[in-house]
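Asks: quick one: sequence plus predicted model below, questions after.
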Amino acid sequence: MSRKCQLTGKKANNGYAISHSHRRTKKLQEVNLQWKRVWWSQGNRWVRLRLSTKAIKTLETKGLAAMAKEAGIDLNRF
């Protein structure tokens, strides 16, 4: 499984680490992913998803069903 948020699609970003002498080396900025168990009321069960911390915060306001519909994922698979 790739390191990608299942609801928002966030993934790693390529960037440069710049030293004091301004030498550049490539680095990978990973997403802060967490395994989260979320209650899905329409399915009447728990769903285990790998979410970014930003998605967890948004999930509290929007709700799981709305975010899954926006992302176009079927929660029955999880």
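Replies: All right, it came through fine. Numbers count the residues shown, from 1 in each chain.
Asks: quick check: buried residues in the helix ranked longest in the chain?
Replies: Counting by DSSP state H, the longest helix found in the chain is helix 53-62. By neighbour count, with 16 or more other CB atoms under 10 Å as the criterion, the buried positions of helix 53-62 are 55-56, 58-59. All C-beta atoms are positioned from the backbone trio N, CA, C, and that covers glycine.
Asks: farthest-separated two in those residues?
Replies: In the buried residues of helix 53-62, two members sit farther apart than any others by CB to CB. They are Ile56 and Thr58, at 7.4 Å.
Asks: pLDDT value on the closest residue to Asp74 other than its chain neighbours, please?
Replies: In space, and not counting its chain neighbours, Asp74 is closest to Ala68: 7.8 Å by CB to CB, 6 or more residues apart in numbering. In the prediction, the pLDDT value recorded for Ala68 is 95.
Asks: go on, the one 4 residues further on?
Replies: Taken from the predicted model, the pLDDT recorded for Gly72 is 93.
Asks: quick one: furthest residue from the center of the chain?
Replies: Residue distances from the centre of the chain (CA atoms, centre = their mean) peak at Ser21, which lies 34.8 Å from the mean C-alpha position.
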